[in-house]
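Q: Build me a model from this:
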Amino acid sequence: MISFTVNSTIILSKGKKAIQITLLVLAGEAIFILPFVLARIFRPTVLDVFKLTNLELGTCFSVYGTVAFVSYFFGGSFADKYQPRYLMAISLIFTALGGIYMSTYPSFFGLTMLYGYWGFTTIFLFWAAMIKATRVWGGKLQQGIAFGLLDGGRGLVSFVFGWLGILIFSWVIVDEIETATLLERKQAYTYVLLICSGIIAFIGVLLIVLIKNDPSIEMTVEKTTTHQLLKNYLEVIKIPSVWLLMIIILCAYTGYKITDVYSQYANEVMGYNESDAAAIGSNLLGIRVFIGIAVGLLADKTRSSFMMMICFGISIVGSLIFASGVIAPNTSMLFWFTIISLATGVYAFRTLYFSAIQEGEIPLQVTGTAVGLISLIGFTPDIFMGPAMGFLIDNSPGELGFQKVFLMLAIFALIGLLASVVFYRINKPNRSL
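A: Sure thing, here's the model as predicted:
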């Protein structure tokens, strides 16, 4: 079985390792389906059925990010103290309960409170536990493929959930989507929310039952005192790689947050209907499967920081093409080429975020604490990107608002590129912890 003690890591058989990573993948993406994936794929529908402006939806995301900000800090140490399977399972079940509440179509205030609730349930007990479990699974030499499988698999899960939602939506609305009434669309989205909530809760139960019934993948941790937890925080903040990863992830995650408007861009600028626009969002999630595994393998062959530099370069080019305004409804080939290129650069970071922890010489025993601190700053786009994008799009209607959003991405990508270069230079390759 895997032990989270520092001194040893017991090797699992291939079959048991496959079971473990499969469970991590299922849990790792299911937790974010309700707050983000469905809202990303069905963004035009969500805006209509909840009667929201872009800024109001962005405010919901901001409330989520604010609660998550605190949860990253206090939740990180839990992964160094308790068994990840319990932490993740509890998070999944409570997150699913929020989906049931969302299906009642609460007021804007109720929706903001729901996103605050999700900011706690998806992060406090879950995030650092998942990252630490994945790091241990990969060992010293396979961090790239470990996180590549995690995010590639998460991309597949997200893709399946996205298409499941689209199929349910299309099944409930028997007529053309363009002629469907608001009530019909609302009813269809209710089915999407309830079915997805049920599946998410089931994955939480599955996580406990399967691991509990298979002692070979039971995860143990060292009991850590409060004094030791404080000592861990003091140790982590002295590591330069931690500060650089904060900046790198902040800039990369800004790009990931912009994927929230891909479907809306296709709908409002390219002229796709809501169903086709949702399909674009879902298909782009599907390419994460291939990107995650390919980038993970390349990161193990080269270095995670080197791959980061390449991906930031791709993000800069793609975002500048969108910002230039050369993409129009009659340039569909350019639109597809650019959005796939940009998505490739953005999704690659989902693998590289934490595969770089090993390269950055962050000790295994403080992984949870380090992930909590890095995430504290790195994922602050959850707080400001929603309102920022909503403000830009609402106040500059049409393509102009989206151009400003992509220009903002180009600036962040440039800063991330510079931080990646520094990270690459200060960390020598092939060091073992």
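
Q: What is the lengthiest helix in the chain packed up against?
A: Assignment by DSSP state H gives helix 182-213 as the longest helix of the chain. Packing partners of helix 182-213 (3 or more C-beta pairs under 8 Å, 6 or more residues apart in numbering; DSSP states H and E): helix 14-30, helix 38-41, helix 43-49, helix 84-102, helix 143-172. Backbone N, C-alpha and C define where each C-beta goes, glycine included.

Q: from those helices, which stretch is densest packed?
A: Ranked by mean neighbour count, these are led by helix 38-41 with a mean of 25 (mean count of other C-beta atoms under 10 Å).

Q: what's it packed up against?
A: Contacts defined by 3+ C-beta pairs under 8 Å, 6+ apart place helix 38-41 against helix 143-172, helix 182-213, helix 262-268, helix 274-286.

Q: Please tell me I have it right and L26 contacts S158.
A: No - applying C-beta atoms under 8 Å, one finds L26 not in contact with S158, separated by 11.1 Å.

Q: Remind me what whichever strand or helix holds L244 packs against, helices and strands.
A: Secondary structure from DSSP states H and E places L244 in helix 240-258. Secondary-structure packing of helix 240-258 (3+ C-beta pairs under 8 Å, 6+ apart): helix 304-324, helix 332-359, helix 367-378, helix 381-395, helix 399-426.

Q: same question for the second one, mean pLDDT?
A: The reference is to helix 332-359. Mean per-residue pLDDT for helix 332-359: 85.

Q: Ok, the shortest one next?
A: Per-residue pLDDT values across helix 367-378 average out to 82.

Q: and the helices and strands packed on helix 182-213 as a markdown table, adding distance to G198 and mean pLDDT?
A: Shown next, in a markdown table, are these (distance: least, C-beta to C-beta, whole Å; pLDDT from 0 to 100):
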| stretch | distance to G198 | mean pLDDT |
| --- | --- | --- |
| helix 14-30 | 11 | 81 |
| helix 38-41 | 14 | 83 |
| helix 43-49 | 20 | 87 |
| helix 84-102 | 7 | 93 |
| helix 143-172 | 11 | 78 |
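
Q: closest one to Y353 among the ones you listed?
A: Y353 lies closest, by C-beta to C-beta, to one member of those: helix 143-172, at 7.3 Å.

Q: Low-confidence regions, the protein specifically.
A: Low-confidence segments of the chain, defined by pLDDT under 70: 1-15, 76, 79-80, 139-142, 174-179, 211-229, 281-282, 285-286, 429-433.

Q: that older thread, of the helices and strands packed on helix 38-41, which is nearest R425?
A: Within the helices and strands packed on helix 38-41, the stretch nearest R425 is helix 143-172; the backing value is 19.5 Å (C-beta to C-beta).

Q: If I take the closest one and helix 332-359, what angle do their directions form?
A: Angle, helix 143-172 to helix 332-359, by axes from the mean of the first three to the mean of the last three C-alpha atoms, to 10 degrees: 140 degrees.

Q: Against which helices or strands is helix 143-172 packed?
A: Secondary-structure packing of helix 143-172 (3+ C-beta pairs under 8 Å, 6+ apart): helix 14-30, helix 38-41, helix 127-138, helix 182-213, helix 274-286, helix 288-301, helix 332-359.

Q: what's the spacing between the shortest one and its chain's center?
A: The chain centroid and the centroid of helix 38-41 are separated by 13 Å under C-alpha atoms, centre = their mean, to the nearest Å.

Q: Send me that helix as CSV with only the CA atoms.
A: Provided in CSV are the C-alpha atoms of helix 38-41 (Å, rounded to 0.1, in the frame of the first residue of the first chain):
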residue,chain,number,x,y,z
LEU,A,38,-21.7,23.1,-16.7
ALA,A,39,-21.6,26.8,-16.4
ARG,A,40,-18.8,26.9,-19.0
ILE,A,41,-20.5,24.7,-21.5
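
Q: Give me the contact list for it.
A: Outside helix 38-41, the residues that touch it by C-beta atoms under 8 Å, 6 or more residues apart in numbering are 46, 57, 161-162, 165-166, 192-193, 196, 259-260, 262-263, 278, 281-282, 285.

Q: List buried residues within those.
A: 46, 57, 161-162, 165-166, 192-193, 196, 259-260, 262-263, 278, 281-282, 285 (16 or more other C-beta atoms under 10 Å).

Q: Need phi/psi at Y272.
A: Main-chain dihedrals, Y272, degrees, to the nearest 10: phi -70, psi 150.

Q: and the nearest residue to it once chain neighbours are set aside, how many neighbours does it have?
A: In this structure, Y272 finds its nearest non-sequential neighbour in A266, 4.4 Å apart by C-beta to C-beta, 6 or more residues apart in numbering. Per other C-beta atoms under 10 Å, the neighbour tally for A266 reads 24.

Q: do you know how far Q358 is from R303?
A: 10 Å (C-beta to C-beta, to the nearest Å).

Q: Of these two, which one has the most company?
A: Per other C-beta under 10 Å, whichever of Q358 and R303 has more neighbours is Q358, with 25 against 22.

Q: Which residue comes closest to the more buried one once chain neighbours are left out?
A: Q143 (4.5 Å).

Q: which residues does I168 contact?
A: Going by C-beta under 8 Å, 6+ apart, I168 touches 188, 191-192, 195.

Q: With respect to G318, which of the residues you listed is nearest?
A: G318 lies nearest to V192 out of the contacts of I168, by C-beta to C-beta, at 29.9 Å.

Q: Could you find the closest non-adjacent residue to the closest one?
A: Per C-beta to C-beta, 6+ apart, closest to V192 is G165, 4.5 Å.

Q: L34 versus the one you found, what's the distance?
A: Separation of G165 from L34 (C-beta to C-beta) stands at 11 Å.

Q: Over to T181?
A: 25 Å.

Q: same check, this time on A266
A: For A266, the distance to L34 (C-beta to C-beta) stands at 22 Å.

Q: What of A129?
A: From A129 across to L34, the span is 19 Å (C-beta to C-beta).

Q: More neighbours: which of the two?
A: When neighbours are counted by other C-beta under 10 Å, A129 comes out ahead of the other of A129 and L34, with 29 against 26.

Q: got the contact list for the more buried one?
A: Shown here is A129, whose contacts under the criterion C-beta under 8 Å, 6+ apart are 78-79, 82, 84, 87-88, 368.

Q: Give me the spatial nearest neighbour of it, chain neighbours excluded.
A: Leaving aside its chain neighbours, A129 sits nearest to P84 (3.7 Å; criterion: C-beta to C-beta, 6+ apart).
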